[in-house]
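>>> need a structure here:
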Amino acid sequence: MARTTAALWVLLAALAAAAAALVGPMPRSPYAVDPWEASVRLSVAAREAEALLTPGPADGAGSAALAPNQTQFYITMRDGVQLWTVISVPRGEGPFPTVLHRTPYGTGSWEGNADFFNKYGFAYVTQDQRGAQLSTGNGTVQWTFWRADGQDHFDTHAWIAAQPWSNGRVYLYGGSADGITIYTASQFQPPQLNGIAAVVPSGELHATTYQGGAYRVALISWWLTLNGFGYVEPDLFAHEAFDPWWDTIQLRGKQDRCTFPGVHFGGWWDIFANETISAFHLYQDESTDPRCKGQHYLVLDAHGHCGGGDYAFPPTARSGIATDLMVYIFRTQEGLPVSPVLQTRVANTKPITFYVMGPNNTQYGDFWTTLSSWPAYTPRPYYLQADGALTPAPPTSSATPPRTYAYDPAAPVRTVGGPELLLRCGPRDQAAALGRDDVLQFTSAAFTEPTPIVGPIKALLYVSTDRNDTDFTVKLMDRYPDGRFFLVADGIVRLRWRDGPLEAHPAVPGQVYNITVDLWPTAYVIEPGHAISVAVSSSNFPRFSVNRNSGWPMAAEEDGPVYVAENSVYVDATRPSQIILPVVTFDDIPDNFRP
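Okay, here's the model as predicted:
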């Protein structure tokens, strides 16, 4: 929450300061490491890819002693804006295909990429986004929250194709903020675009900014401020609804403009996990062009941007396969040879490859599977009971009263873990966020068999409030045998956006609503002796903005009132609130891939 009344601001600022203290000193960039290193370290992946390729004159690998030709200057876009661009061209006889990488972080952060791509026969072009770093026009050009990126991609592609060292074909590579630019490019259909490698990106920025209708403070607001883009935030508030302002940064609905293959890399605990998976499916399954449809790969490790939770993920939770796929796609698109080893590795990699997680020191998780499609799961509901139990059987009485609590915006539940960037992320013990009067908790009996869940997790809640708006948050936790509760997944619904992002619908006080809370997909094994637990509340700050229960829009929030809400969750036979797990068998997810 960026703006609020003075008294509430003091309380929320204190909470934010406490959360920031958990993170430690903020780096100049939001990353302690660069975006690729936060997912698949390029330096390591490059060595792996090098080992799989057979260097020689025919494949353009060349000698490491042949330094590339590098130049740097401004390129002028169609509207006169100049973008700072650095070009590295391999020595030797061209023309060459080009890998383009666009970033808000500065071109100097990516010098290792030039060496990598040049070595394998590609020119490498890196460019500061419009309004970022050296592309600011001496401060006169502002960053556009990626909204101008598609147009700038189109113009930059055309410029590259006109250069004497270029063969006219362009490939895109980038991670995180840089990966987002990739999904904007295809919407403008630059004819030179021939393949992509998108690392921990989002292609649906409204869904990223307003998850379940709630503003993602720690991700969006903090990142904008840290990178000097805070002036964008009023625009985000003015366009809280999904309206045409978001069109150029929304991939969905434009998947038929894809004419190229690609690889999409993400992580189960990544800030953009849901949108990365969505982008892959839009290209792979919903595109109609045969150059795109069926020509994409999805790779999901445990991490994404997240290095781990209260425990470190095993070393096997990482893989270099995304780099292997990128090298393979880019080179084969150019008709360049790859080694038999790489050919075999890619042949053994199916379109969907992911890591299956488990609890700390897991006995049944910690393996990779590669599949042609997502496994068909069995939706298994667990019902919230009035006594705090969580059971496979629904409630039997229609007279059971709801579970009711008072939610005070001045005392929100503190964020502990989850898919975050600037907060401590990942699977963390929820002790600090439980045991409150405004947190309802429901816990199952211990499982007797290992139970893998792969797919989307949804909570179907029957709820009401005495205000015209409030939030409902849901956490799925793994209760360890020692009594600790570790986060598995979480989600939120801002009640006025319960019907979708197009238009807000204020709640009628006292009316019961059936809402669906999306906790995002996962791949996780619930082990024998462990139980599952669900926590329902109305805040998770600073992961999400605090709902003041006023129904006022974000753009006018500072002038609005603050109310304590009485919120209810119904747990009777006619209104059976539940969480639905996507249960699969181990045969559905064979341990068939070596990372």
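>>> any idea which helix or strand of this structure has the worst average confidence?
The weakest-scoring helix or strand in the chain, judged by mean pLDDT, DSSP states H and E, is helix 42-52 (a mean of 31).
>>> Downstream of that helix, the next helix or strand is which one?
Next helix or strand after helix 42-52 toward the C-terminus (DSSP states H and E): strand 69-76.
>>> How are the helices of the stretch 201-350 of the chain distributed by residue range?
For the stretch 201-350 of the chain, the helices defined by DSSP state H, counting those that start in this stretch cover 205-209, 222-226, 233-238, 273-281, 321-333, 340-347.
>>> show me where pLDDT drops low in the chain?
Within the chain, the segments meeting pLDDT under 70 span 1-68, 110-111.
>>> Centre-most residue in it?
residue 272 (0.6 Å; C-alpha atoms, centre = their mean).
>>> phi, psi of that one?
When quoted as degrees, to the nearest 10, the phi and psi of residue 272 stand at phi -110, psi 20.
>>> Can you report how many residues neighbour the nearest residue to residue 282 once chain neighbours are set aside?
In this structure, residue 282 finds its nearest non-sequential neighbour in residue 255, 4.0 Å apart by C-beta to C-beta, 6 or more residues apart in numbering. C-betas here are computed from N, CA, C, even on glycine. By the other C-beta atoms under 10 Å criterion, the neighbourhood of residue 255 contains 22 residues.
>>> Contacts only, for residue 255.
Each residue near residue 255 by C-beta atoms under 8 Å, 6 or more residues apart in numbering is listed here: 282-283, 286-287, 292.
>>> swap the cut-off to 7 Å and go again
Taking C-beta atoms under 7 Å, 6 or more residues apart in numbering, we find residue 255 in contact with 282-283, 286-287.
>>> now swap in residue 415 and tell me
By C-beta under 7 Å, 6+ apart, the residues touching residue 415 are 19, 423, 540-543.
>>> what about 10 Å?
With contact taken as C-beta atoms under 10 Å, 6 or more residues apart in numbering, residue 415 is in contact with 15, 19, 22, 217-218, 423-425, 428, 432-433, 490, 539-544.
>>> May I have the secondary structure class of residue 454?
strand (DSSP: H, G, I helix; E, B strand; the rest coil).
>>> What residues are recorded as beta-bridge partners of it?
residue 523 (DSSP bridges).
>>> okay but it is in contact with residue 374, surely?
Yes - the pair residue 454 / residue 374 is scored as a contact, 7.3 Å apart, by C-beta atoms under 10 Å.
>>> out of the two, which sits in the busier spot?
Between residue 454 and residue 374, counted using other C-beta under 10 Å, residue 454 has the larger neighbour count: 24 against 21.
>>> Identify the residues contacting that one.
Residue 454 makes contact with 354, 356, 369, 371, 374-377, 521-525, 581-585, 588-589 under the criterion C-beta under 10 Å, 6+ apart.
>>> Quick check: PyMOL command selecting the buried ones in the contacts of residue 415.
The buried residues among the contacts of residue 415 can be selected in PyMOL (16 or more other C-beta atoms under 10 Å) with this line:
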select buried, resi 15+19+217+218+423+424+425+428+433+490+539+540+541+542+543+544
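>>> what distance separates the start and the end of stretch 141-158?
22 Å (C-alpha to C-alpha, to the nearest Å).
>>> Off-centre distance for it?
22 Å (C-alpha atoms, centre = their mean, to the nearest Å).
>>> One more: stretch 92-109?
25 Å.
>>> and the strand or helix carrying residue 184 with helix 273-281, angle?
Using DSSP H and E, residue 184 maps to helix 177-185. Orientation of helix 177-185 against helix 273-281 (axes from the mean of the first three to the mean of the last three C-alpha atoms, to 10 degrees) gives an angle of 40 degrees.
>>> elements contacting helix 177-185?
Under the contact definition 3 or more C-beta pairs under 10 Å, 6 or more residues apart in numbering; DSSP states H and E, helix 177-185 sits against strand 96-103, helix 149-161, strand 166-175, strand 193-199, helix 205-209, strand 262-267, helix 273-281.
>>> How about residues contacting the fifth one?
Under the contact criterion C-beta under 10 Å, 6+ apart, helix 205-209 has outside partners 145-147, 180, 183-184, 201-202, 215-216, 219-221, 236, 239-243, 245-252, 271-272, 274-275, 278, 501, 518.
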